[in-house]
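Trainee: For reference, the sequence and a predicted model appear below.
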Amino acid sequence: MTTTTLAVLVPLLPFLGAAAGLLLGRTAPGYVRPLAVLPSLASLVLAVLVAVRQGGGLAINAATELTPTGSVPIELALHIDGFAALVAVLVGVVASCVQIYSTGYLRNDPRYLSYAALVSLFTSAMLLVVYSGDLIVLLVGWEVMGICSYFLVGHYWETPEARAASIKAFLVTKLGDVPFLIGLFALGTDAGSFRITTVLGTVASGGLHHPTLIALLLLAGVAGKSALFPLHTWLPDAMAGPTPVSALIHAATMVAAGIYFVARLLPVFQASSAAMVVLAVMAAVTMAGSALAALAQDDIKRVLAYSTIGQLGYMAGALAVGDRGAAVFHLLSHGAFKALLFLAAGVIIHASGTNSLAVMSRMTGLRSRVPDAYWTMTVALLALAAIPPFSGFFSKEAVLGAAEHVATGHTEHAPGSAGWIVLVAGLVTAVLTAAYATRLWLLAFHGRGVEAPDHGKEPRSMTVVLWVLAVPSLAFGLAYGPLPEWFDGRDLTPVLTTSVLGTGLALVGGIITYGAWRHTTALAPRVPMGAVAAHPDAEPALVEAEAIASHAPAFGDVAYAPDPADPGRLLLGPLHRHAAVGFHLDAVYHVLFVRPVQAGATLVRFLDREVVDTYVRGAAALPRLLGAAVRRAQTGNVQTYVSALLAGTVVLVVAALLVATGA
């Protein structure tokens, strides 16, 4: 079987699995889980074969015209280089792990059938984006992912949070997709083709007429899809969906699509220095702002959501300094440990009965309840904090090294200002990343208080997946030696200066957070269970903790629990309340966009009701009045009719005489 045929089957198999699951699921429910898992696994195997055959060498290209357009052709095209081959493997690994994990996590969910089909369709759409060699075909996968995310985020549609989150995710990403679509058409018009190879050839020959405008339009769509500032606000709210969906969106689909798109078309953006600086600023604000917000979140999934935004900022920063090798290296590394973080968080949430870190901090023994999640999440958090030798260290170091290379003027692939912006923001974010990772680990696993609830052993399908993902989270970074073949020959070896700076700052962030936690824990009073709920100023999370832990055995006559000791409050100080709500960006959008749209809708409703409807009602009232008048004249009395006839005759005779006299 040719490599092209294998590549076609990679996105096709999950699509067929989704269709078969929907068709056969209700009549043969026993096939639902196999049809969810097996196509993803088969697609993964084929993606690995394609990667082996591609081998980091020349790109594999194939195309056939989809339909004649009369102008710019649209083609079913494949363009598989080293980046595409490796990203497809990542998508296959994460999607397969999510499907296997979901068989246990959603084993009692009545809507598992539609959920599994949507996850397969989501996977197929992302693989189409990865392998596509035509921008219009890529756009199809891009938009299918958007509608899949809408349905999956709103899976628990009974809850208002899920409904609002799905609508918000859809609208915010569509806000970016409008200029993105315009940019794609402008790019295709300038190049005379939507084929990626033709577009890149046009850029290389200087044939792009409006590089800055096109790049900025495309960046708007990338910001929406990949949750970069200022269109990142949908991603934390998307945590209202099932936890496996969060793992899929954050690790290998949706948010990775925008980064991958820029990496594939990086020469288009490099054609404009202004666009590269804008991308660098977006990356810097995304990195630092999301890390501060993560340090203030109480919901464990929202901490991880803001963490994803920050890591996407690192990837965008690598692209802003012209190094797509470092960007995709971090995308691959991040995909493994972020999928692990979310899936482990799902186990923790199931065991503790809550998403709240404040509640978890009032429980003791949680780590012994979920040892698999404890050890694997520890590995993933170390990778997130970029501690060597975990994978995140090598990939994040590649980003910082690339930024330092540009900042010091050793390359002309990007403006030097972009290098300094990314380097400074990346180092600051390294401190904050280690801080919120340490905070999450301490609050989730080192709480003090009542015994954590015992819900029994987690399904094996959930725990096995954690250990599978722990392997690349630990060891993938060490693959930087052979990987340059797939990354344009880019040397990914860590640079001494940024390695020491980045690791040192990460250790400082972790140590300071641990010290703050010890300090706040020592000062936290120990209060009897029941006293918290009785206090008039009790926080809802603490009352929830008492409700969850009310079954715990008492120590003596009374069960005691410490008040939560959150180091994030101490470290952020007055900034904490602003960071907890994402620095009020949603409130700003409400004033700038929501209120004007609502005011416009109110005006349109008024005009429709009071003006348009008035004409409609008037057009109906006039014939009705005329009809009523005529109806009154039709009495059925012959004498009345004769009298009216005589009166009319007299009037006509008099009128005729007056006319004749006047003449």
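Mentor: Cool, the structure landed. Residues are numbered from 1 along each chain as shown.

Trainee: tell me which strands and helices the longest helix along the chain is in contact with?
Mentor: Assignment by DSSP state H gives helix 160-191 as the longest helix of the chain. Applying 3 or more Cβ pairs under 8 Å, 6 or more residues apart in numbering; DSSP states H and E, one finds that helix 160-191 makes contact with helix 135-153, helix 196-204, helix 211-225, helix 234-237. C-betas here are computed from N, CA, C, even on glycine.

Trainee: So for residue 459, which of those helices sits nearest?
Mentor: Among those, the nearest to residue 459 by Cβ to Cβ is helix 135-153 (20.8 Å).

Trainee: Off-centre distance for that closest one?
Mentor: Between the centre of helix 135-153 and the centre of its chain there are 12 Å (Cα atoms, centre = their mean, to the nearest Å).

Trainee: Ok, stretch 272-279 next?
Mentor: Worked out by Cα atoms, centre = their mean, stretch 272-279 lies 24 Å from the chain centre.

Trainee: Over to stretch 442-451?
Mentor: The answer for stretch 442-451 is 30 Å, by Cα atoms, centre = their mean.

Trainee: list the buried ones in it?
Mentor: 442, 443, 444, 445, 447, 448, 449, 450, 451 (16 or more other Cβ atoms under 10 Å).

Trainee: and the gap between the fifth one and residue 364?
Mentor: Shown here: residue 447 relative to residue 364, a distance of 6 Å by Cβ to Cβ, to the nearest Å.

Trainee: and which of the buried residues of stretch 442-451 is nearest residue 24?
Mentor: Comparing these against residue 24 with Cβ to Cβ picks out residue 444 as the nearest, at 40.2 Å.

Trainee: Now name the helix or strand holding the closest one.
Mentor: Take DSSP states H and E as the rule and residue 444 turns out to sit in helix 416-445.

Trainee: counting contacts, what elements does that helix pack onto?
Mentor: Applying 3+ Cβ pairs under 8 Å, 6+ apart, one finds that helix 416-445 contacts helix 273-294, helix 300-320, helix 357-360, helix 366-369, helix 371-384, helix 391-407, helix 496-523, helix 567-572.

Trainee: Near residue 209, how many other residues are there?
Mentor: 12 (other Cβ atoms under 10 Å).

Trainee: Name the spans of the protein whose pLDDT lies under the cut-off.
Mentor: Regions of the chain meeting the criterion pLDDT under 70 cover residues 455, 480-484, 489, 523-565, 632-633, 635, 662-663.

Trainee: Just say which of the helices and strands packed on helix 160-191 is most tucked in.
Mentor: helix 234-237 (a mean of 25; mean count of other Cβ atoms under 10 Å).

Trainee: just checking, what packs against that one?
Mentor: helix 160-191, helix 300-320.

Trainee: Let me know which of those helices is tucked in deepest.
Mentor: Ranked by mean neighbour count under mean count of other Cβ under 10 Å, the helices and strands packed on helix 234-237 are led by helix 300-320, which reaches a mean of 28.

Trainee: tilt between that one and helix 211-225?
Mentor: Interaxial angle of helix 300-320 relative to helix 211-225 (axes from the mean of the first three to the mean of the last three Cα atoms, to 10 degrees): 160 degrees.

Trainee: which secondary structure element contains residue 101?
Mentor: helix 82-105.

Trainee: what's the following helix or strand after that helix?
Mentor: That would be, after helix 82-105 and using DSSP H and E, helix 112-131.

Trainee: Which strands or helices does that next one pack on?
Mentor: So helix 112-131, by 3+ Cβ pairs under 8 Å, 6+ apart, packs with helix 3-24, helix 32-54, strand 74-80, helix 82-105, helix 135-153, helix 243-251, helix 255-264.

Trainee: 7 Å instead?
Mentor: Using 3 or more Cβ pairs under 7 Å, 6 or more residues apart in numbering; DSSP states H and E, the elements in contact with helix 112-131 are helix 3-24, helix 32-54, helix 82-105, helix 135-153, helix 255-264.

Trainee: Residue 428: which of these is closest?
Mentor: Here helix 255-264 is closest among the helices and strands packed on helix 112-131 (Cβ to Cβ), at 20.8 Å.

Trainee: ok now the helix or strand that that closest one is followed by, how far from the chain's centre?
Mentor: Counting by DSSP H and E, the element after helix 255-264 in chain order, helix or strand, is helix 266-270. In terms of Cα atoms, centre = their mean, the gap separating the centre of helix 266-270 from the centre of its chain is 24 Å.

Trainee: Could I get the CA-only coordinates of helix 266-270 as PDB?
Mentor: C-alpha atoms of helix 266-270 as PDB (Å, rounded to 0.1, in the frame of the first residue of the first chain):
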ATOM      1  CA  LEU A 266       5.500  30.600   8.700                       C
ATOM      2  CA  PRO A 267       7.200  32.200   5.600                       C
ATOM      3  CA  VAL A 268       3.900  34.100   5.000                       C
ATOM      4  CA  PHE A 269       4.200  35.700   8.500                       C
ATOM      5  CA  GLN A 270       7.900  36.300   8.200                       C
END
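
Trainee: in the helix holding residue 444, what's buried?
Mentor: Using 16+ other Cβ under 10 Å as the test for burial, helix 416-445 gives 418-423, 425-445.

Trainee: circling back: same list, the helices and strands packed on helix 234-237, but as JSON lines with distance to residue 466 please.
Mentor: Output for the helices and strands packed on helix 234-237, formatted as JSON lines (distance: least, Cβ to Cβ, whole Å):
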{"stretch": "helix 160-191", "distance to residue 466": "25"}
{"stretch": "helix 300-320", "distance to residue 466": "15"}
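
Trainee: thinking again about what came up before, just send the helices and strands packed on helix 112-131 back as JSON lines, with distance to residue 374 too.
Mentor: Compiled in JSON lines, the helices and strands packed on helix 112-131 are given as follows (distance: least, Cβ to Cβ, whole Å):
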{"stretch": "helix 3-24", "distance to residue 374": "32"}
{"stretch": "helix 32-54", "distance to residue 374": "26"}
{"stretch": "helix 82-105", "distance to residue 374": "17"}
{"stretch": "helix 135-153", "distance to residue 374": "28"}
{"stretch": "helix 255-264", "distance to residue 374": "27"}
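
Trainee: among the ones you listed, which is nearest residue 337?
Mentor: That would be helix 82-105 among the helices and strands packed on helix 112-131, by Cβ to Cβ, at 11.1 Å.

Trainee: Show me what that closest one is packed against.
Mentor: Against helix 82-105 (3+ Cβ pairs under 7 Å, 6+ apart) you get helix 32-54, helix 112-131, helix 243-251, helix 255-264, helix 324-352, helix 460-475.

Trainee: If we use 8 Å, what do you get?
Mentor: Going by 3+ Cβ pairs under 8 Å, 6+ apart, helix 82-105 lies up against helix 3-24, helix 32-54, helix 112-131, helix 243-251, helix 255-264, helix 324-352, helix 460-475.

Trainee: For those, give me a markdown table that also has mean neighbour count and distance to residue 407.
Mentor: Converted to a markdown table, those look like this (neighbours: other Cβ atoms under 10 Å; distance: least, Cβ to Cβ, whole Å):
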| stretch | mean neighbour count | distance to residue 407 |
| --- | --- | --- |
| helix 3-24 | 20 | 39 |
| helix 32-54 | 21 | 33 |
| helix 112-131 | 26 | 31 |
| helix 243-251 | 29 | 29 |
| helix 255-264 | 26 | 20 |
| helix 324-352 | 27 | 14 |
| helix 460-475 | 20 | 29 |
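
Trainee: Okay then, goodbye and thanks.
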